[in-house]
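Chemist: I would like the atomic coordinates for the input below:
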Amino acid sequence: MNEKIKAIIIDDEKDGRTVLSTLIKLYCPQVEIIGESSSGEQGLIMIEELNPALVFLDIDMPGMNGFSLLKKLKEINFEVIFVTAHHHYALKAIKHSALDYLLKPVDKTELIEAIGKFKISSSVNERMAYLLENETKDLSELKQIILNVREGYVFSEINEIVRCEADGNYTTVFFKNGDKQVASKTLKEFENLLSEHNFWRIHKSHLINLKYLKKYIKGEGGGNVVMTDNSEIEVSRRNKDAFLKKFNL
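Modeler: Model (predicted):
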């Protein structure tokens, strides 16, 4: 039998802790809740005493919020799933660096998917350092993206990405140098992350970096584009007009 994931919940709202704990017990038997905290200060002590593998961390808390708590730690050797009622936090470095985030009220399917991504990696401290350095920045200011891949995590320069291709709940990311990585994010998540970096969704399965667009070919439906790596990608009929309008065509 696999060892259970030791986890704690840090949330100043009692109802939030109760709901999350109940959902975990019902739907995520691989997780064992070993502690709950109602404040950042108490949560900091609990982390140091219990040494959890996973922390469900509320962002907005009076006194010490989630980010401030993480900044107090000398080393972060656990994964973090942020829990927040505020959607704007999801548009910052959390998407790049944390294991995942959950919006309140927590959805059981999203919870199961988030925990399904769990794996302790040697890069967790580096990823959290990156998060805390960038948590006040807009997505347009970020230069790197962190890809959750089978072997661990890959730190990649955003401007080196040529295109992204959907593969179910995964996405294959193609780079300027010919490399590719399969990441455990949906294409929709990549679209949300990269749209402010000159990426454009041309098809339900394709997101391209317009920096590397070489040619548009007319044809039936929406036509095709050719990228600088010579890949030819279909433009969907429904996305064609908006795509061409971007170039005043």
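Chemist: Next SSE downstream of the one helix or strand in the chain whose mean pLDDT sits lowest?
Modeler: Every helix and strand in the chain was compared by mean pLDDT, DSSP states H and E; the lowest is helix 94-97, with a mean of 55. Sequence-wise, the next helix or strand downstream of helix 94-97 (DSSP states H and E) is strand 100-103.
Chemist: Who does that next one pair with, and is each partner parallel or antiparallel?
Modeler: Paired strands of strand 100-103, with direction, are strand 79-84 (parallel) (DSSP bridges).
Chemist: Work out the gap between the strand it pairs with and the centre of the chain.
Modeler: The chain centre lies 11 Å from the centre of strand 79-84; the measure is C-alpha atoms, centre = their mean, to the nearest Å.
Chemist: what comes up buried for that strand?
Modeler: By neighbour count on 16 or more other C-beta atoms under 10 Å, the buried set for strand 79-84 is 79-84. C-beta: built from backbone N, CA, C; applies to glycine.
Chemist: Tell me the one of these nearest Lys185?
Modeler: Distance to Lys185, by C-beta to C-beta, is smallest for Ile81 among these, at 14.6 Å.
Chemist: any idea where the helices of this structure begin and end?
Modeler: Secondary structure of the chain by DSSP state H: the helices cover 14-27, 40-50, 66-72, 94-97, 108-116, 124-134, 187-194, 237-246.
Chemist: The closest residue to Gly16 other than its chain neighbours and Leu187, how far apart?
Modeler: Leaving aside its chain neighbours, Gly16 sits nearest to Lys104 (6.3 Å; criterion: C-beta to C-beta, 6 or more residues apart in numbering). Computed with C-beta to C-beta, to the nearest Å, the distance linking Lys104 and Leu187 is 25 Å.
Chemist: And for Ser236?
Modeler: 13 Å.
Chemist: neighbour count winner among these two?
Modeler: Taking neighbours as other C-beta atoms under 10 Å, Ser236 and Leu187 compare with Leu187 leading, 22 against 16.
Chemist: Would you enumerate the residues in contact with the more buried one?
Modeler: Neighbouring residues of Leu187 by C-beta atoms under 8 Å, 6 or more residues apart in numbering: 164-166, 171, 201, 204-207.
Chemist: now, which of those sits nearest Gly219?
Modeler: His206 (15.2 Å).
Chemist: Tell me who's in contact with the closest one.
Modeler: Taking C-beta under 8 Å, 6+ apart as the criterion, His206 is in contact with 163-166, 187, 233-234.
Chemist: Among those, name the ones in strands.
Modeler: Among these, the subset assigned to strands under DSSP state E consists of 163-166, 233-234.
Chemist: Redo those residues as JSON lines? Include distance to Lys108.
Modeler: Output for the ones in strands among the contacts of His206, formatted as JSON lines (distance: C-beta to C-beta, whole Å):
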{"residue": "Arg163", "distance to Lys108": "33"}
{"residue": "Cys164", "distance to Lys108": "28"}
{"residue": "Glu165", "distance to Lys108": "29"}
{"residue": "Ala166", "distance to Lys108": "24"}
{"residue": "Ile233", "distance to Lys108": "36"}
{"residue": "Glu234", "distance to Lys108": "35"}
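Chemist: Low-confidence stretches in the chain?
Modeler: 1-2, 87-98, 119-142 (pLDDT under 70).
Chemist: quick revisit: which residues do Ser236 and Leu187 both contact?
Modeler: By C-beta under 8 Å, 6+ apart, Ser236 and Leu187 have these common neighbours: Lys204.
Chemist: Hmm, Leu102 is touching Val83, no?
Modeler: Yes - here Leu102 reaches Val83: they are 4.9 Å apart, a contact under C-beta atoms under 8 Å.
Chemist: who touches both of these two?
Modeler: By C-beta under 8 Å, 6+ apart, Leu102 and Val83 have these common neighbours: Phe56.
Chemist: related to what we said a few turns ago, pretty sure the residue nearest to Gly16 is touching Ala85, no?
Modeler: Yes - using C-beta under 8 Å, Lys104 is in contact with Ala85, at 4.2 Å.
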